[in-house]
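*Asks:* Provided below for reference: sequence and predicted model.
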Amino acid sequence: MAESSKPLRTQQHHIALVKKLGVDRHITPTKVPRFNQPKLPFYNTPPAHQSPALTLVITSTDKEDGSEELLMDELISEACGDNDILQEPMTVQEVFDQVQVLLSDKKLEYAPRTFFDLSVLKQYTAQMLKKGVYQLDKYIASKLVAQSNHVENDGKTLARRIRALLHHFQTFGGLPAETRGGKRKGLSYLDNEDVF
């Protein structure tokens, strides 16, 4: 057998798989085995603690109606916290007040990025709340805040991010979850055993 660059455990797994499937005599097997997982039936049994978001029940059927995909989307959205959308979006004044409360609380310690996001959001909402001749459009206000926080360029990307932060804060009542750093258990929520 030729020297392989794969780890020994992977090589042993492949050798065992080839022997199990009986394709050791062929380089390319004439019949490719299917490794698809069988469909799991979902029965209508009420759990002890039933979440209102998990009311979708699927029964095993032969035709594809998309209900399995809906259930998976529902589970992922509940795990990600997408169900925490406010009934009514917050106003700019409410966002300004909430951010000011969060920044003025000395007991809370924020990561540098979170502190920067809150301070930029406070500047942006303060610019949008001005009245009269000092009142600015949301695009001009975000561009002004971005230019004042960027030394080297005009800050177009930061201006877009500031508007997105305001929209997320108005919709969810908080900053978006940080996706960088931290503990990684998989490439997606489907691979993460802590989610399911």
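*Replies:* Done, it's in. Residues are numbered from 1 along each chain as shown.

*Asks:* going forward, measure contacts and count neighbours with C-alpha atoms only.
*Replies:* Will do.

*Asks:* need the contact list for Lys156.
*Replies:* By C-alpha atoms under 8 Å, 6 or more residues apart in numbering, the contact list for Lys156 reads 143, 146.

*Asks:* From Glu193, how far off is it?
*Replies:* The gap separating Lys156 from Glu193 is 39 Å, by C-alpha to C-alpha, to the nearest Å.

*Asks:* So, low pLDDT: which residues of this protein?
*Replies:* Applying pLDDT under 70 to the chain flags residues 1-4, 21-65, 76-84, 179-187, 191-192, 196.

*Asks:* let's see 90
*Replies:* 1-90, 92, 102-103, 105-115, 131-138, 147-157, 168-196 (pLDDT under 90).

*Asks:* Where do the domain boundaries of the protein fall?
*Replies:* 8-84, 92-172 (automatic domain parsing).

*Asks:* end to end, how far does the longest one reach?
*Replies:* According to C-alpha to C-alpha, domain 92-172 extends 13 Å from its N-terminal end residue to its C-terminal end residue.

*Asks:* what number of residues lie near Ser148?
*Replies:* Neighbourhood size, Ser148 [other C-alpha atoms under 10 Å]: 12.

*Asks:* Likewise for the one 10 residues further on?
*Replies:* Look at Leu158: counted by other C-alpha under 10 Å, it has 18 neighbours.

*Asks:* ok, Leu175 - contacts?
*Replies:* Counting by C-alpha under 8 Å, 6+ apart, Leu175 makes contact with 165, 168-169.

*Asks:* top of those by neighbour count?
*Replies:* Using other C-alpha under 10 Å as the neighbour test, these are led by Phe169, with 22 neighbours.

*Asks:* pretty sure it contacts Val95?
*Replies:* Yes - counting by C-alpha atoms under 8 Å, Phe169 touches Val95, with 7.0 Å between them.

*Asks:* Quick check: the gap between Ile162 and Leu71.
*Replies:* Applying C-alpha to C-alpha to Ile162 and Leu71 gives a distance of 33 Å.

*Asks:* ok, these two, which is more surrounded?
*Replies:* Neighbour totals were compared for Ile162 and Leu71, and Ile162 leads with 25 against 17 (other C-alpha under 10 Å).

*Asks:* Does that one fall in a helix, a strand, or a coil region?
*Replies:* Here Ile162 is helix, with the state taken from DSSP: H, G, I helix; E, B strand; the rest coil.

*Asks:* helices and strands around the helix or strand where Gln100 lies, which ones?
*Replies:* According to DSSP states H and E, Gln100 maps onto helix 92-104. Under the contact criterion of 3 or more C-alpha pairs under 8 Å, 6 or more residues apart in numbering; DSSP states H and E, helix 92-104 touches helix 112-128, helix 156-172.
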